[in-house]
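Novice: Sequence below, structure please.
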Amino acid sequence: MKKEIKALIAVILAVWCFFMGFELGTFNERRSAGTNVAATTASQQTTAAPVVTTTEALTTAAIVTTTDSAQQTTAGSNEATTAGSNEATTAAPAGNNDPSSMTKDQILAAVNKAINGVKSEQNFTGKKTETVTINLTDVSVPGAKNTINNIIQGLAGEEVITYAFSNGQAVGIDASGKEADDGKVVSPKDAIPPSGRDFVLTVDGIKEATAEKQGDNFVYTLKLVEENTTFSTPIPTHHHAAYGFLDLTSLNISVATITDANMHYPNTVITVVTDAQGKALSIHTVMPMTGDGTAKILGGISGNASFEGSDDELWEFTY
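Specialist: Residues are numbered from 1 along each chain as shown. Coordinates of the predicted model:
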């Protein structure tokens, strides 16, 4: 029986760290969601996993936004005009035939303007295509690894949801025509990552930034710095500011206690395409991730698992 219990714990951990975080998407960082998972052991016995609930603890992270203001004085006039904006100021790419000369600060400002701009739009359509990949690399019960991976692969995959925003509100419709998220009405700020908040990435969070012109459009690519989290420090500063993350400490598993959890975000890439006026046409984020965790259930039995995977999320906008 202990072997079956350890296999069950491994499934909980694997599904928790990837399926729950990625398949539900960053939109659900702000709300609870649950799923039931069945674990089949190598001895052909089947055990049902408990409902797992995840919510990102946003209150543990302080987000500081900066308001830029500039005062301009007209030549030959004693009057001064003060201009303020909550968006970063950038050398406008429109008309710039060589965006490759843009600095990292300018590229970040253009991305900031595009992402926060579409979050504030009222009437447009946003199509999200999200693909989740998961692979269990190590488990407490080696003989159960393939069986567990087969279960997990049945949970991962592609999800397509379309939001037709009208007056800043929409209900997502999935590829089968059904309402997503139980018919919940959302705003662009809610749905488009980082969910429920503005894009506030700083230059410190960027490893590399590039810009290029493709026809009349501009393509900006940001590579985020590598980040690691632990059970005691679960929030990756820059990924939280730019996209999303998996809060390893927020799960409530009724029969198990998470005793250790570590995540690694090695090479996240965000690509934003805008028109000549800087309005977002698409946002594409690819976030590879690896992790490991340990859980203990009643009776003091522990199990652990290590895993790798990625979240590939593409948003396409039409106005």
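Novice: in the stretch 201-319 of the chain, what spans have low per-residue confidence?
Specialist: 247-256, 297-299 (pLDDT under 70).
Novice: Quick one: the strands in it, in order.
Specialist: For the stretch 201-319 of the chain, applying DSSP state E, counting those that start in this stretch gives strands covering 206-214, 217-224, 227-229, 252-253, 256-265, 269-274, 280-297, 302-318.
Novice: which helices and strands does the longest one pack with?
Specialist: Using 3 or more C-beta pairs under 8 Å, 6 or more residues apart in numbering; DSSP states H and E as the contact criterion, the elements in contact with strand 280-297 are helix 2-14, helix 104-119, strand 256-265, strand 269-274, strand 302-318. For the C-beta atoms, the positions are set from N, CA and C on the backbone; glycine is no exception.
Novice: from those, which stretch is densest packed?
Specialist: Mean neighbour count (mean count of other C-beta atoms under 10 Å) peaks for helix 2-14 among the helices and strands packed on strand 280-297, with a mean of 24.
Novice: Quick one: the helices in the stretch 51-200 of the chain, in order.
Specialist: Taking DSSP state H, counting those that start in this stretch to define them, one finds helices in the stretch 51-200 of the chain at 104-119, 145-155, 188-191.
Novice: Just the CA trace of the shortest one, in PDB.
Specialist: Output in PDB follows, covering the C-alpha atoms of helix 188-191 (Å, rounded to 0.1, in the frame of the first residue of the first chain):
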ATOM      1  CA  PRO A 188      -8.900  42.700 -20.700                       C
ATOM      2  CA  LYS A 189      -6.800  43.500 -17.600                       C
ATOM      3  CA  ASP A 190      -8.100  40.300 -16.000                       C
ATOM      4  CA  ALA A 191      -7.500  38.000 -18.900                       C
END
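Novice: Quick one: residues in contact with that helix.
Specialist: The contact list for helix 188-191 (C-beta atoms under 8 Å, 6 or more residues apart in numbering) reads 27, 30, 118-121, 124, 126, 128, 163, 165, 168, 170, 172, 196-198.
Novice: Need the phi and psi values for the residue lying closest to Gly172 once chain neighbours are set aside.
Specialist: Leaving aside its sequence neighbours, Gly172 sits nearest to Ala180 (C-beta to C-beta, 6 or more residues apart in numbering; 3.6 Å). Dihedral pair for Ala180: phi -90, psi 160, per degrees, to the nearest 10.
Novice: so what's Ala180 up against?
Specialist: By C-beta under 8 Å, 6+ apart, the neighbours of Ala180 are 161, 171-174.
Novice: ditto for Thr129
Specialist: Contacts for Thr129 (C-beta under 8 Å, 6+ apart) come out as 158-160, 313-314, 316.
Novice: beta partners for it?
Specialist: Note on Thr129: beta-bridge partners by DSSP bridges are Val160, Leu314.
Novice: Okay, it and Lys223: tell me how far apart.
Specialist: Computed as C-beta to C-beta, to the nearest Å, the Thr129 to Lys223 distance reads 21 Å.
Novice: what residues does stretch 310-319 touch?
Specialist: Counting by C-beta under 8 Å, 6+ apart, 21-22, 25-26, 118, 121, 123-133, 192-193, 279-289 sit against stretch 310-319.
Novice: among these, which ones are buried?
Specialist: The neighbour count (16 or more other C-beta atoms under 10 Å) marks 21-22, 25-26, 118, 121, 124, 126-133, 192-193, 280-289 as buried among these.
Novice: number of nearby residues for Gly168?
Specialist: 16 (other C-beta atoms under 10 Å).
Novice: Sorry, wrong one. I was asking about Ala276.
Specialist: 15.
Novice: before we move on, the earlier item: closest to Lys207 out of the helices of the stretch 51-200 of the chain?
Specialist: helix 104-119 (10.0 Å; C-beta to C-beta).
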